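In: Just the structure for this:
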Amino acid sequence: MNFLIPQMMPMNWMNLYFYTLIIIFFIIMMIYFMKYYKMNKFNYKMKMKFLLFKW
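Out: Numbering: from 1, shown residues only. Predicted structure coming up:
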């Protein structure tokens with residue numbers, strides 16, 4: 001664990017900023033994907049109901 005600390009926690013603010021940006025971007029993408037997936041499911045159900053109603 002001692003030899004991992006200098007690699008994981010560098011005293012370089014640009015590296016830290018870069019890693020935080022990647023993490024934030026990943027979280028946003030996950031949230032967006034979940035919302036999009038739920039919306040697609042909802043739209044699919046609505047379309048199916050609409051088609052059944054039409055028939």
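
In: quick one, helices of this structure?
Out: According to DSSP state H, the chain carries its helices in the segments 5-8, 13-54.

In: most packed of the ones you listed?
Out: Of the helices of the chain, the one with the most neighbours on average (mean count of other Cβ atoms under 10 Å) is helix 13-54, at a mean of 10. Every residue, glycine included, has its C-beta placed from N, CA and C.

In: mean pLDDT lowest for which of the helices of the chain?
Out: The minimum mean pLDDT among the helices of the chain belongs to helix 5-8 (a mean of 56).

In: F33 and F26, how far apart?
Out: 11 Å (Cβ to Cβ, to the nearest Å).

In: what does Y36 give?
Out: Distance from Y36 to F26, counting by Cβ to Cβ: 15 Å.

In: Please apply the same query to Y32.
Out: According to Cβ to Cβ, Y32 stands 11 Å off from F26.

In: now do K38
Out: Applying Cβ to Cβ, the value for K38 to F26 is 19 Å.

In: residues touching I22, list them.
Out: I22 makes no contacts at all, as judged by Cβ atoms under 8 Å, 6 or more residues apart in numbering.

In: which residues are in contact with stretch 30-43?
Out: Residues contacting stretch 30-43 (Cβ under 8 Å, 6+ apart): none.

In: Just the C-alphas of that stretch, formatted as CSV.
Out: Included here for stretch 30-43 are C-alpha records, laid out as CSV according to Å, rounded to 0.1, in the frame of the first residue of the first chain:
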residue,chain,number,x,y,z
MET,A,30,-24.2,6.5,-16.2
ILE,A,31,-27.1,8.7,-15.0
TYR,A,32,-27.9,9.7,-18.6
PHE,A,33,-27.8,6.1,-19.8
MET,A,34,-30.2,5.0,-17.0
LYS,A,35,-32.6,7.8,-17.7
TYR,A,36,-32.5,7.1,-21.5
TYR,A,37,-33.1,3.3,-20.9
LYS,A,38,-36.1,4.0,-18.6
MET,A,39,-37.5,6.5,-21.2
ASN,A,40,-37.1,3.9,-24.0
LYS,A,41,-38.9,1.3,-21.9
PHE,A,42,-41.7,3.8,-21.2
ASN,A,43,-42.0,4.8,-24.8
